[in-house]
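Q: Need the 3D shape of this:
(chains A and B)
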2 protein chains.
Amino acid sequence: MATSVKRLLVGSPKKTEQAVHERLTKKTALAVFSSDALSSTAYATQEILLVLAVAVAAGQLKAFNYVIPISVGIAALLAVVAISYRQTIFAYPSGGGAYIVAKDNLGVYPGLVAAAALLVDYVLTVSVSISAGVSAITSAAQGTQFDWVYNQKIALGLVFIALIAMANLRGVRESGAIFALPTYALLLSFLFMLGYGFFHYFVIGGAAPHPGEQLKLAEGYSPQPITLFLLLGAFSNGCSALTGIEAISNGVPAFKSPESKNAARTLVWMAVLLTIMFLGTSVMAYLYQVHPSQKETVISQFARIMFTGPMAWFYYVVQATTTLILVLAANTSFADFPRLSSLLARDRFLPRQLSNRGDRLVFSNGILILAFFSSLLVIAFGADENRLIPLYAVGVFLSFTLSQAGMVLHWLRERKLMLERASADDVEQGVEVKTRDESGGVKHVPDLQLATADIHASVESQRALERDAPAASHWKKSIVINALGAAATFTVLLVLIITKFMHGAWVVVMIIPLLVLLFRAIYSHYVSVAKQLTTEGLERLLPIKHTVVVPISGIHRGVIGALRYAKAISDDNVRAVYVDIDEEATRKLREKWEEWGAGVKLVILPSPYRSLVRPLLRYLNRLRRQGCTEVITVVLPEFVPARWWQHLLHNQSSLLLKGALLFKRGIVVTSIPYHLEH
Amino acid sequence: MATSVKRLLVGSPKKTEQAVHERLTKKTALAVFSSDALSSTAYATQEILLVLAVAVAAGQLKAFNYVIPISVGIAALLAVVAISYRQTIFAYPSGGGAYIVAKDNLGVYPGLVAAAALLVDYVLTVSVSISAGVSAITSAAQGTQFDWVYNQKIALGLVFIALIAMANLRGVRESGAIFALPTYALLLSFLFMLGYGFFHYFVIGGAAPHPGEQLKLAEGYSPQPITLFLLLGAFSNGCSALTGIEAISNGVPAFKSPESKNAARTLVWMAVLLTIMFLGTSVMAYLYQVHPSQKETVISQFARIMFTGPMAWFYYVVQATTTLILVLAANTSFADFPRLSSLLARDRFLPRQLSNRGDRLVFSNGILILAFFSSLLVIAFGADENRLIPLYAVGVFLSFTLSQAGMVLHWLRERKLMLERASADDVEQGVEVKTRDESGGVKHVPDLQLATADIHASVESQRALERDAPAASHWKKSIVINALGAAATFTVLLVLIITKFMHGAWVVVMIIPLLVLLFRAIYSHYVSVAKQLTTEGLERLLPIKHTVVVPISGIHRGVIGALRYAKAISDDNVRAVYVDIDEEATRKLREKWEEWGAGVKLVILPSPYRSLVRPLLRYLNRLRRQGCTEVITVVLPEFVPARWWQHLLHNQSSLLLKGALLFKRGIVVTSIPYHLEH
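A: Reported below is the predicted structural model:
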């Protein structure tokens, strides 16, 4: 039954050979990789306004005007980060996620920190994107007969997550078509909206008065005048616009040849488009003087003002494409989270079962875990993206910083290699140096060397194969760019933590180290198990001295079945054990045993306290202490009723005994089922 | 660890021989058996007023005066029921609970209906008494700095239930001392209060104005004028005063000799005291014109008015003794419920484990079940006894009616016996008649004959031994008394169901038949199992054809342990099975198998969909279809980690496989533990 439901929901299994890969053109790649980054325009401007609203509420009515300089600042940061990631694309043509880059260059622990930050980030991407998508829907529903959906935000969010998770369990082909349509639809509708917005404002007339909704402030703030701290807070909130910008650098191998060049150009395009959309949205918000409100998003507000009369339908196009791109953004996390956790699981930092591909060739466990945690966040934060944002950007910028810092070290190492190659023509010497250098990278974490060495070797060999010659020679410029990127993202990270700590960032600051500790504990457990399980030093299969004990409650077909089994698994060492609670019953049993015992030794145990389990345990301990047996098999007759509720009527003593014997050394418990008819 | 906690809470085990019985004098017996009955005075009057308040709220301010005639009517009913039960005491000196009496005389199904009614009644006794006890406490707290306890009624109730359950799990000796103190304290304080109340009213002055609290109406009523239906509703509510009156007739053997006479006298005393206390309370409520209010009980209100100045301390004595007696009343259910369910379990109408005495010689499972369900009711009804009352009396009066009707048939049978004895001196003939008569009593329920015949025989033989000569000869008077009792209680039962159906009685009316169906289903299951398990027609222990299959994931110490075990339980028929998911890994395994296989046959199963479980299941099915084996033992190596969280890192595949093999015919699954160090 469960199997049929699963088949219906996720489809029939796929063969291992069905795993194929599609190479993407620049246009499709832009659609596939930029949904996460572009979707953040849906909320980034609003997040800035929410913090500025704090000053507006305190009477400084012009505070909203700061949205323009803050947005320009964020756009500048975006440019720095994008250029910085362009370097990564050339250095890691096989895909340079923050985990790989940080571990490869900075060592295992920074790699694990980056991994933890990314996992948290992926969960938050789903929660934030889905919440924002739901907000786009509920905003559109305001003033219509569907405005009740506002009270169903959480339910709506959970339905979206369930649908995306199910689609991913089926195995979404990351085919261009699925992504291209909504991404380009969003691009077109946004660009049209921005153009039309200018036209509307300067030609048709100024801003219409915004609806009289109550001003919404950022969570956890109370009205206060503008301070530098407040502006930094607004800036931090707006930095959510940068999330997803790293996606292309992770996916270089998916591009058509020449991979790196195509990927780099696509990244530039994405950054340019993101800048236009984000700045444009901020300018619209400024021109139309919209204020963050409880029930309607900022974009919905100015789109509603500008699209009136014959253009009113276009408002719904904007809202629909916004929702669609946000759902797609969540979807990318459903590809990234399971992929990263399978990578961590293969490196033994997460439970092994996360690295198993399910029967639809997807990492089913990772998908389910992501769906679970993001649903939890949606419930806990009431599907309000504004309350989730302070948690969001910390993980993102932590992974940015580690990745960029890793790149700096990468170039320094390249440089060293170059210099050494230049000074000596002997290639072998160079290899020697490289090897020494690698082991140096992990010298502070001796117990993690095993995994690191593996990964290093594979990454290094790939790099050696695919290394781009021009990038390697331009290491000077590269160092400067990546160092600038690292410094910028690190600064922003500090600003984020300081300004948002009390507003929720503390959660992420706590969770990341805990995750790293978890990774370490799992890793050292697996390593210890591997050591314990090695067959080295083990003697060949020795025979076991073996005793079989059959606890019986009387003589019936179930017991007879158990006795037959016991005799089958031991020719001469079977004992039936009966606990004497009632003298009369014991006497009757002894009589019947003559007939049915078939030569099996019957042991009667006294039980003054009427307990069944304790006398048996004592007997088993006695047997083991006598030392004439290595393993005792306890054979328990167990009823298998025809109906579920009948389980309550049977096997309660067996269950107790099983519980008491669970995990005892030298004891094997075997249940012999006796199937009842009805 | 769990064992130590249990020892701390419930004490060390007791030997079977420690079960002793105390014979009670009339005075102690009155204390032991009347707590339930007397405690109902704490709420019965208030329950009447709650319904009358409906008319007061509709403007008929004199409606409360009806409390007097209604109370007198209830007192008359009490007299009839008490006299009726006096007959039972003489007819069943070995203790005549409604289950025994109804089953013995009316047949199995009426007996089961009575049993179901009683079980429901016991659960409700606990919930109602504890809720009323908590109300006494929160009433006393009104106007003090402790009045916040009113908001903690549920928590307080649950604490009380937990404490009583724990005391009973330890095994409360039903010794006189424990019961005598609170029962006589309540009697004295109540009688004093009633006397002082009259004195205060007629000598010191009229009723002080009652506190201006909002008038509380009975749950589910809205203001309406007085109708006969409303008065019957008030009467029904007041009938809760009769609960517990049957206790003495159940416990006759606990009295000192002559048991029946002593018990009968105690019953009369109890009935008289209950009448005085109940009527006195109603009169006080009338004289002092107190109205049911949300936060204070009726008794607390008039006690507060009358005990002022130097007597103010006595108010707290009244509230304290009321609470104490209510807790004791709940405690009696904790003796009765497990006793009745053990009786039902022994007759195979309830799961066997309810008939086991725990290591403190108490029926622990029954105690836990009662605590669970009564806690559930306390939570569901907000520890408000007024909302629970409409559910309460239905079960009580149903068992009254069945018990009294059973007594009528009992006397008719006695009469027949007498007449036959008189007409023929042949004793053997009489016995024959009796036997025929018994089997006739169960002719409508052929599948239940087994149990009934047993019970009949034992009850009948006891009766024959202990039959009181005088009672047997006075059967004419007895028939009239019990018929009157049956008619009266049946009429009240109908009134209860009709007037209270919508106010909650429907729940009980639904649950009782469902419980009877449950009893029947359990009974027929046990009977069917007994038939299936009989060794009749079974051949002696035949040897089993047996194959051992060891699924392996590689070669390590865990697998080697499993292989050793497999070779120990089968000399020649062991197969190791490996699922091929990765070609390279499979090749390596084959190589290693040469070294470690020790002659065991290795079977490699292909798995194009990467599933571990399905290829194994298919292989096992193939083996069974080949028919050369009767039982397949699947030996699974299983890791036992040193820490709990490490379980998540292991055995996931084993778990899946176990789940798939659970309850499959002809398959035995044996886990061979491999203990990990850390």
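Q: can you tell me the average pLDDT over the one helix or strand residue A:114 maps to?
A: Assigned by DSSP states H and E, residue A:114 belongs to helix A:108-141. Average pLDDT, helix A:108-141: 93.
Q: do the same with stretch A:229-241
A: What stretch A:229-241 shows for mean pLDDT is 92.
Q: Name the residues of it that come out as buried.
A: Using 16 or more other CB atoms under 10 Å in any protein chain shown as the test for burial, stretch A:229-241 gives A:230-241. C-beta: built from backbone N, CA, C; applies to glycine.
Q: nearest to residue B:110, of those residues?
A: Using CB to CB, residue A:240 comes nearest to residue B:110 of those, at 72.7 Å.
Q: Against chain B, how distant is that closest one?
A: Separation of residue A:240 from chain B (CB to the nearest CB, to the nearest Å) stands at 33 Å.
Q: That residue contacts residue A:41, correct?
A: No: applying CB atoms under 8 Å, one finds residue A:240 not in contact with residue A:41, separated by 10.0 Å.
Q: and residue A:480, how many neighbours?
A: By other CB atoms under 10 Å in any protein chain shown, the residues close to residue A:480 number 12.
Q: can you pull the contacts of it?
A: By CB atoms under 8 Å, 6 or more residues apart in numbering or on different chains, the contact list for residue A:480 is empty.
Q: Quick check: phi and psi on residue A:577?
A: Main-chain torsions, residue A:577, degrees, to the nearest 10: phi -120, psi 130.
Q: Tell me where chain A has strands.
A: Ranges of strands within chain A are A:546-552, A:574-580, A:601-606, A:631-640, A:667-675, based on DSSP state E.
Q: can I get the ones you listed in a markdown table with mean neighbour count and mean pLDDT?
A: Formatted as a markdown table, those follow (neighbours: other CB atoms under 10 Å in any protein chain shown; pLDDT from 0 to 100):
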| stretch | mean neighbour count | mean pLDDT |
| --- | --- | --- |
| strand A:546-552 | 23 | 91 |
| strand A:574-580 | 21 | 92 |
| strand A:601-606 | 14 | 92 |
| strand A:631-640 | 22 | 89 |
| strand A:667-675 | 20 | 89 |
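Q: Just send these back as CSV, with distance to chain B too.
A: As requested, the strands of chain A are exported to CSV (distance: least, CB to the nearest CB, whole Å):
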stretch, distance to chain B
strand A:546-552, 5
strand A:574-580, 11
strand A:601-606, 11
strand A:631-640, 5
strand A:667-675, 5
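Q: Nearest to residue A:366, out of these?
A: Among the strands of chain A, strand A:667-675 sits nearest to residue A:366 (CB to CB), with 34.3 Å.
Q: and the closest one with strand B:631-640, angle?
A: Here strand A:667-675 runs at an angle of 140 degrees relative to strand B:631-640 (axes from the mean of the first three to the mean of the last three CA atoms, to 10 degrees).
Q: Kindly format the C-alpha coordinates of strand A:667-675 as CSV.
A: Output of strand A:667-675 as CSV, limited to C-alpha atoms (Å, rounded to 0.1, in the frame of the first residue of the first chain):
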residue,chain,number,x,y,z
ILE,A,667,22.7,-12.7,23.4
VAL,A,668,20.8,-13.1,20.2
VAL,A,669,17.0,-12.8,20.3
THR,A,670,15.0,-14.6,17.6
SER,A,671,11.3,-14.3,17.3
ILE,A,672,9.5,-17.3,15.7
PRO,A,673,6.3,-16.0,14.2
TYR,A,674,3.1,-18.0,14.6
HIS,A,675,0.4,-16.7,12.3
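Q: now the angle between strand A:546-552 and it, please.
A: Using the same axes, to 10 degrees: strand A:667-675 against strand A:546-552 is 50 degrees.
Q: How is chain A divided into domains?
A: Per the record, chain A has its domains at A:25-408, A:546-675, by automatic domain parsing.
Q: what's the most buried one of the ones you listed?
A: Stretch with highest mean neighbour count among the domains of chain A: domain A:25-408 (a mean of 21; mean count of other CB atoms under 10 Å in any protein chain shown).
Q: Any idea how far apart the tips of that one sit?
A: Terminal residues of domain A:25-408 lie 30 Å apart, using CA to CA, to the nearest Å.
Q: need the residues of the stretch 451-600 of chain A near chain B, please.
A: Within the stretch 451-600 of chain A, the positions adjacent to chain B are A:522, A:525-526, A:528-529, A:532-535, A:538, A:540-544, A:546, A:555-558, A:560, A:563-565, A:567-570, A:581, A:596, A:598 by CB under 8 Å from any CB of the partner chain.
Q: Closest one of the buried residues of stretch A:229-241 to chain B?
A: residue A:240 (33.3 Å; CB to the nearest CB).
Q: what sits against the closest one?
A: A:40, A:43-44, A:47, A:128, A:389, A:392-393.
Q: do that again at 6 Å, thanks
A: A:40, A:44, A:47, A:389, A:392-393 (CB atoms under 6 Å, 6 or more residues apart in numbering or on different chains).
Q: Nearest to chain B, out of those: which one, please.
A: Among the contacts of residue A:240, and counting by CB to the nearest CB, the member closest to chain B is residue A:392, at 28.1 Å.
Q: Test for you: state the pLDDT assigned to the closest one.
A: On the pLDDT scale, residue A:392 gets 89.
Q: contacting residues around it?
A: Residue A:392 neighbours (CB under 6 Å, 6+ apart): A:124, A:128, A:240.
Q: gap between the first one and residue A:337?
A: Residue A:124 sits 11 Å away from residue A:337, taking CB to CB, to the nearest Å as the criterion.
Q: Check the second one too.
A: When CB to CB is the yardstick, residue A:128 and residue A:337 sit 14 Å from each other.
Q: now residue A:539
A: Distance from residue A:539 to residue A:337, by CB to CB: 45 Å.
Q: Kindly report the same for residue A:289.
A: Counting by CB to CB, the separation of residue A:289 from residue A:337 is 40 Å.
Q: was I right about residue A:351 contacting residue B:649?
A: Yes: with contact defined as CB atoms under 6 Å, residue A:351 counts as touching residue B:649 (4.9 Å).
Q: Flag every residue of chain A that's near chain B.
A: A:13, A:15-16, A:351, A:353, A:359, A:525, A:529, A:533, A:541, A:544, A:546, A:556-557, A:564, A:568-569, A:598, A:608-611, A:640, A:646, A:648-649, A:652, A:663, A:670, A:676 (CB under 6 Å from any CB of the partner chain).
Q: Of those residues, which belong to helices?
A: Taking DSSP state H, the ones among these that sit in helices are A:525, A:529, A:533, A:557, A:564, A:568-569, A:652.
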